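Enquirer: coords please:
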Amino acid sequence: MTTEKSATAAALPVSKPPDSYLSGAKLGIVILSLFLGVFVISLDSSIIGVVIPSISSEFQALDDVAWYGTAYLLTITAFQPLYGSMYKFFQVEWVFRACLVVFEVGSILCAAATSSPMFIVGRAVAGTGAAGILQGALSIIAMTVVMEKRPLYQGIVISVYVISVCIGPVIGGAFTTRGIWRWCFWINVPIGAMTLLLLLLALRIRGTKNANRTLPLKQKLAHMDPLGCIVFMGAICCLLLALQWGGQTKPWHSATIIGLFIGFGLLAIVFAVIQFWRKERALIPLRVLRQRSIWAGGGVLFCLGAATYAVSYYMPFYFQAVLGTNAVHSGVDLISVFIPEMIALIITGGIVMQWGYYVCYMVLGELICMAGTILLTKMHIGSSTVFWAAGLAVHGIGMGTAMQLPYTAVNVVLHDDDIPTGNAIAVFVWQLGGALAIAIGQAIALNNILHEVPREIPQLSPERVMSWGASNLAALAPSADALVKLRSIWCTSVAHIMIFALACVCLSIPFTVSMEWLNAKKAAEEKKKQAGEVAALVDGVSEYPNKGSVVQTTQ
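Expert: Numbering: from 1, shown residues only. Take a look at the predicted model:
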């Protein structure tokens with residue numbers, strides 16, 4: 001009997017004791033620090049689009065414009081699984097601080113850049129640090145907050161993306177119009193420094209010692225799966241470069257683009273084989289990926305990430321090209337989507353914390369989001385402010401209700417040791433969905449311009465329209481009638497992109513209903529009960545140390 005207890009105690013994972021979680025003022029400071037940490041990377045992502053024209057003009061490097069976004073996107077996406085392993089095997093707080101420092105170094109390189117290559121390197125370094133910040137914040141919440149309260153605090157931290165996308169273009173536009181675009185990157189330095197200081201003062205994560213974090217350094221590095229990491233980065237590089245270059249700097253049917261897509265496919269297969277071969281030592285253990293709520297939740301995040309990026313990235317084209325506003329005003333107009341989204345995020349987190357169920361709210365949010373996105377597909381050149389603002393607001397309410405809850409599922413279905421891996425998968429598919437949506441939206445807009453401009457405005461070449469951009473169309477159009485037609489073409493392009501966003505939201509529903517319909521509160525109680533049973537078994541083993549040690553040795 002004792003031997004059976006010993007074997008059970010050795011097999012079951014010991015959960016964190018209740019007194020290892022934070023509360024009160026200390027928890028408030030930690031959540032504020034995580035909020036600021038995620039804020040700097042989300043602000044950096046939303047501010048860059050406004051300042052790229054000024055940067056390319058100062059460095060006289062128009063050919064490098066594509067790399068200003070691609071260098072950051074490549075590293076922030078490709079390093080997600082690696083950071084998942086690092087958070088699993090190393091001390092979470094130190095990995096998070098290191099990511100902040102790396103991001104700050106990248107921001108300083110960008111702000112002080114004296115050439116285009118230096119700026120590109122800075123963007124790549126910043127992306128390398130940013131890759132681990134959001135999933136690190138989610139991991140810290142999982143280790144410092146009791147499970148039933150995690151949806152609320154996750155919603156608070158994730159809502160920072162809503163705020164930054166709203167104010168990022170406004171800040172970027174203000175700095176750019178005053179000729180001080182470098183402050184778009186200098187601004188990250190004091191915010192990041194304050195975040196590091198607060199974390200050093202307040203963050204002490206207890207109860208995180210486990211078999212993974214006590215391994216020798218050599219074994220930890222072996223678990224980083226260096227071969228799998230290299231192959232994965234290569235696959236993501238091929239995919240994102242093909243999407244960034246296709247239809248913009250190179251035609252889609254070019255040998256380069258086709259070769260990149262083939263390279264992505266082959267490397268993805270090689271990566272899958274490596275993961276299967278390495279089993280528990282894999283970068284992404286297949287037992288985690290096979291968990292129903294993980295792969296289904298990943299599908300939800302991929303689809304909602306694509307829809308979010310499509311709306312937030314291309315609605316400013318409607319504001320600037322169709323309504324004739326500038327970059328600053330277009331950022332202000334986006335408040336109509338982001339304020340409702342932020343409120344819905346926090347309220348939904350509080351509701352799930354109170355009642356426990358979360359999949360039903362995901363379905364509700366996606367249905368609401370569909371209704372708002374349908375309104376956006378109906379926009380035309382004469383649409384009133386109330387019409388498009390209502391569409392954005394309803395879209396934001398639905399998205400805010402649904403978008404954070406797959407992260408709750410990660411905490412419910414996975415053991416604490418596997419939560420960093422689950423967070424890495426979740427953040428990766430969200431980023432990848434956004435990257436694909438931006439590329440697909442660009443292809444939709446360019447194809448519509450190539451088709452409609454020669455038919456509607458023969459005296460204007462579509463190539464010139466594409467190179468001109470979406471702002472100040474009055475200076476491009478040869479006549480008042482041509483200006484109306486040009487704005488109508490841009491309006492149609494944006495409406496088609498909104499149809500794509502609607503399709504993404506609709507596609508998320510089958511993934512949502514495939515998830516396990518669990519209750520976060522009951523899951524938390526079950527984990528506490530399991531922790532008590534394990535503690536009782538461990539106490540029982542201590543009465544018979546010799547038998548217990550024999551079982552441990554055979555294990």
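
Enquirer: Is residue 215 part of a helix or strand, or is it coil?
Expert: Classification of residue 215 using DSSP: H, G, I helix; E, B strand; the rest coil returns coil.

Enquirer: Do I have it right that it meets residue 89?
Expert: Yes: using CB atoms under 8 Å, residue 215 is in contact with residue 89, at 6.7 Å. Heads up, the C-betas are built off the backbone N, CA and C, glycines and all.

Enquirer: out of these two, which sits in the more crowded spot?
Expert: residue 89 (23 against 15; other CB atoms under 10 Å).

Enquirer: any idea how far residue 293 is from residue 428?
Expert: With the distance defined as CB to CB, to the nearest Å, residue 293 ends up 16 Å from residue 428.

Enquirer: more crowded one of these two?
Expert: Just comparing residue 293 and residue 428: by other CB under 10 Å the higher neighbour count belongs to residue 428, 26 against 22.

Enquirer: residue boundaries of the helices in the stretch 101-250 of the chain?
Expert: Secondary structure of the stretch 101-250 of the chain (DSSP state H, counting those that start in this stretch): helices located at 116-130, 133-144, 150-158, 160-177, 183-186, 188-202, 217-223, 226-245.

Enquirer: Quick check: buried residues in the fourth one?
Expert: Buried residues in helix 160-177, counted by 16 or more other CB atoms under 10 Å: 160-176.

Enquirer: That helix to helix 133-144, inter-axis angle?
Expert: Angle of helix 160-177 versus helix 133-144, following axes from the mean of the first three to the mean of the last three CA atoms, to 10 degrees, is 150 degrees.

Enquirer: Dump helix 160-177 to CSV, restricted to CA.
Expert: What follows is helix 160-177 as a C-alpha-only set of coordinates in CSV (Å, rounded to 0.1, in the frame of the first residue of the first chain):
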residue,chain,number,x,y,z
VAL,A,160,-3.3,47.4,-23.7
TYR,A,161,-3.2,46.4,-27.3
VAL,A,162,-6.5,48.2,-27.8
ILE,A,163,-5.1,51.4,-26.2
SER,A,164,-1.8,51.4,-28.1
VAL,A,165,-3.4,50.8,-31.5
CYS,A,166,-5.7,53.7,-30.7
ILE,A,167,-3.1,56.2,-29.6
GLY,A,168,-0.1,54.9,-31.6
PRO,A,169,-0.9,56.5,-34.9
VAL,A,170,-1.8,59.7,-33.2
ILE,A,171,1.5,59.9,-31.3
GLY,A,172,3.4,58.8,-34.4
GLY,A,173,1.7,61.3,-36.6
ALA,A,174,2.3,64.1,-34.1
PHE,A,175,6.1,63.3,-33.9
THR,A,176,6.4,62.9,-37.6
THR,A,177,4.7,66.2,-38.5
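
Enquirer: Which strands or helices does that helix pack on?
Expert: When contacts are defined as 3 or more CB pairs under 8 Å, 6 or more residues apart in numbering; DSSP states H and E, helix 160-177 packs onto helix 24-59, helix 183-186, helix 327-333, helix 335-355.

Enquirer: Over to the third one?
Expert: Helices and strands touching helix 150-158, by 3+ CB pairs under 8 Å, 6+ apart, are helix 24-59, helix 133-144, helix 335-355, helix 405-413.

Enquirer: Out of those, flag the one nearest residue 108.
Expert: Minimum separation from residue 108 across the helices and strands packed on helix 150-158 (CB to CB) falls at helix 24-59, 12.3 Å.
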